[in-house]
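Student: Model the structure of this input:
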Amino acid sequence: MNRLDLAIVLAAGDGTRMKSTTAKVLHEIAGRSLLSHVLHAVSELQPTHTRVVVGAQHEEVTSHLNEIAPKAHPVLQAKRNGTGHAVRLALEVGAVEGTILVTAGDTPLLTGLTLSELFAEHIKAEAAATVLTAELPDPFGYGRIIRDENDELLKIVEERDASEVERDIAEINSGVYLFDAKALAVALTKITTANVQGEEYLTDVIAIMKADGAKVIPIVVNNFTEILGINDRSQLSECAAFMRDRINHALMVSGVSILDPATTWVDFTAEIAPNVTLLPGTSISGHTVIEAGAVIGPRSTLANCRVGAGAKVVESHCAGSAIGANANIGPFSYLRDGNDISADAKVGAFVEMKNSSLGQGSKVPHLSYVGDASIGTGTNIGAATIFVNYDGVAKHHTEVGDHVRIGSDTMLVAPVTIGDGAYTAAGSVITEDVPAGAIGVGRAKQRNVLDWVLRKRPGTKSAEAAKNVKGSAS
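Tutor: As a prediction, this is how the structure comes out:
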């Protein structure tokens, strides 16, 4: 059975047009780096060896490579002297026989299916080299495919070396190749730097192989978007949009309802069950898992969250939190990392929660902050309640039991425990534990100072209003 012996991924470029402190291949779309997308596609061929040529910011790229593909071997191209030079360095790591794939590390839309089909055609044709090509509406910047009178591949000419006639050709080189290892090794010894860039072009091996009588074939990709490379932020955005559409299409085919695919962004790493509904303006990122029947949005963000069946998240931002079945979040809720919201619970409007648990059926309906707290089942947290968890030095925990009623505008100064079935009076500052079944009252007796406004704020509209009332009463 034929298999791929070596995959070479070229990821050494400087990426100067990105104008970024991050290496180009480490920029992300849909939850993966550009390099990770390419390696995922390559992995479909199950290569015996994978070598990634690194150069610019090689320490950063190598560190990332060790995380995403620890079996891949980094090859340093200290001086960027062209793609031919990069491939030669990769081959010097160790001799390889059989078939070699060469592809760029900045083509995130390339799929494993296309690579598999390309490999099958290469083996079937017994070719020395197979080139994946595409016909682009705007071929500017790409090497052109030059065919002979028999419509066979003659050579590849880079944009900067092409004539005006050659630049009018719409068929371009994708930068994806399959080679017979021996034929490639021989051809690499014959390439020169006689070009505008003064570099060793890998594309030159095609004409060299043809001149040596080797069989070289072009295969046109079915969808040209797969081979789009990224050189600047505009192209990064363009590829991200194509990837968004691809992911959304797959989700909708699987049974997910997406009302406005153009404004719905989902990472590859997310898992969304059938019968989930994603409303406009929704972003699902990281390792988020959403179970059947949940409704997310509109205008909601979930990052590394788990959402139970039938839950609703409305116009809210949630990160690193678990949301139970049939729970309701929002609108305008902010769930920070570490929350565990149980089934049938509610986190309402303008509520912020962090590192806290909310028991089954419990509610924090509005205008509250809950930090470093455990809240039992069936409990209601009144409006404008603050869990005062930070003393200026350390965070402290608050324990609230089952079926507790926290009055509006209560300050729970941690560490403090509110027992099962207890109440707190509205407006209280609770600094001591409240036993089960008790009511905690932590507020001073109200005192009215008569005529204070007339004496202290004479001439104001408030004083005039008060004076009118006193006059009408007399």
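Student: Against which helices or strands is the helix or strand hosting L115 packed?
Tutor: Here L115, judged by DSSP states H and E, is contained in helix 112-125. Other helices and strands packing on helix 112-125, by 3 or more C-beta pairs under 8 Å, 6 or more residues apart in numbering; DSSP states H and E, are helix 34-43, strand 99-104, strand 129-135, strand 171-180, strand 216-220. All C-beta spots, glycine's among them, are computed from the backbone N, C-alpha and C.
Student: of all the ones you listed, which lies closest to S300?
Tutor: With C-beta to C-beta as the criterion, S300 lies closest to helix 34-43 of the helices and strands packed on helix 112-125, at 25.6 Å.
Student: Can you list the strands that the next helix or strand along the chain from the closest one pairs with?
Tutor: Counting by DSSP H and E, the next helix or strand C-terminal to helix 34-43 is strand 49-54. Sheet pairing for strand 49-54, assigned by DSSP bridges, gives strand 6-11 (parallel), strand 73-76 (parallel).
Student: tell me the most buried of these?
Tutor: strand 6-11 (a mean of 28; mean count of other C-beta atoms under 10 Å).
Student: How about exporting it as CSV, limited to the C-alpha atoms?
Tutor: Output in CSV follows, covering the C-alpha atoms of strand 6-11 (Å, rounded to 0.1, in the frame of the first residue of the first chain):
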residue,chain,number,x,y,z
LEU,A,6,7.8,12.7,4.1
ALA,A,7,5.8,15.9,4.5
ILE,A,8,7.8,19.1,4.4
VAL,A,9,6.0,22.3,5.6
LEU,A,10,7.6,25.6,4.8
ALA,A,11,7.2,28.0,7.7
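Student: picking up where we left off before, export the helices and strands packed on helix 112-125 as JSON lines, with columns for mean neighbour count and distance to G324.
Tutor: Listed next are these as JSON lines, based on neighbours: other C-beta atoms under 10 Å; distance: least, C-beta to C-beta, whole Å:
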{"stretch": "helix 34-43", "mean neighbour count": "23", "distance to G324": "32"}
{"stretch": "strand 99-104", "mean neighbour count": "24", "distance to G324": "44"}
{"stretch": "strand 129-135", "mean neighbour count": "23", "distance to G324": "48"}
{"stretch": "strand 171-180", "mean neighbour count": "24", "distance to G324": "46"}
{"stretch": "strand 216-220", "mean neighbour count": "19", "distance to G324": "50"}
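Student: among those, which is nearest Q77?
Tutor: Closest to Q77 of the helices and strands packed on helix 112-125, according to C-beta to C-beta: strand 99-104, at 13.4 Å.
Student: That closest one versus helix 34-43: what angle between them?
Tutor: Compare the direction of strand 99-104 with that of helix 34-43 by axes from the mean of the first three to the mean of the last three C-alpha atoms, to 10 degrees and you get 160 degrees.
Student: So which of the helices and strands packed on helix 112-125 is nearest G143?
Tutor: Comparison of the helices and strands packed on helix 112-125 against G143 by C-beta to C-beta identifies strand 171-180 as nearest, at 4.0 Å.
Student: I'd like the helices and strands packed on helix 112-125 as TSV, with mean pLDDT appended.
Tutor: Shown next, in TSV, are those (pLDDT from 0 to 100):
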stretch	mean pLDDT
helix 34-43	98
strand 99-104	98
strand 129-135	96
strand 171-180	96
strand 216-220	95
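Student: got those as JSON lines, with distance to C305 columns?
Tutor: Output for these, formatted as JSON lines (distance: least, C-beta to C-beta, whole Å):
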{"stretch": "helix 34-43", "distance to C305": "22"}
{"stretch": "strand 99-104", "distance to C305": "34"}
{"stretch": "strand 129-135", "distance to C305": "38"}
{"stretch": "strand 171-180", "distance to C305": "37"}
{"stretch": "strand 216-220", "distance to C305": "42"}
